[in-house]
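**Student:** Show me how the following folds:
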Amino acid sequence: MKIKTSNWTDDDYGQHIEIIIDDSKGGHKSLGFHDGEPEDNALSRNFSDCFSIIDCLKMAYEAGKASEEFTIEEVSPDEI
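**Tutor:** Here you go, the predicted model:
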């Protein structure tokens, strides 16, 4: 299982983080969290990717059961 993360700040919406998860079986998940406007910072707006966390945990659990190597790589926003 390989995880790529990227963090950045922009002038319009503040802090951002993107997390990309790939497993050896071709599974792929992407999560993005953005500061944005305070009124948007709820599970149904900027944090809507929180609803995918359970799927990501399942992917990590299956990768661990299969003894896959676990790597985390910090990448630039251009690579996301």
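
**Student:** How about the one residue sitting closest to the centre of the chain, nearest residue that isn't a chain neighbour?
**Tutor:** Centroid check for the chain by C-alpha atoms, centre = their mean gives Ile19 as the closest residue, at 2.3 Å. Spatially, and ignoring its direct neighbours in sequence, Ile19 is nearest to Leu31 (4.5 Å; C-beta to C-beta, 6 or more residues apart in numbering). Quick note: C-beta positions are derived from backbone N, CA and C, even for glycine.

**Student:** Quick check: the one you found is in a helix.
**Tutor:** No. Under DSSP: H, G, I helix; E, B strand; the rest coil, Leu31 sits outside any helix and is assigned strand.

**Student:** list the contacts for it?
**Tutor:** Each residue near Leu31 by C-beta atoms under 8 Å, 6 or more residues apart in numbering is listed here: Glu18, Ile19, Ile20, Ile21, Asp49, Cys50, Ser52, Ile53, Cys56.

**Student:** May I see the buried residues of stretch 45-60?
**Tutor:** Residues of stretch 45-60 classed as buried: Asn46, Phe47, Asp49, Cys56, Met59, Ala60 (neighbour count, 16 or more other C-beta atoms under 10 Å).

**Student:** typo on my end, it should be stretch 61-80
**Tutor:** Quick answer for stretch 61-80 (16+ other C-beta under 10 Å): Ala63.

**Student:** tell me how far it is from the chain's mean position?
**Tutor:** Distance of stretch 61-80 from its chain centroid, counting by C-alpha atoms, centre = their mean, to the nearest Å, is 10 Å.
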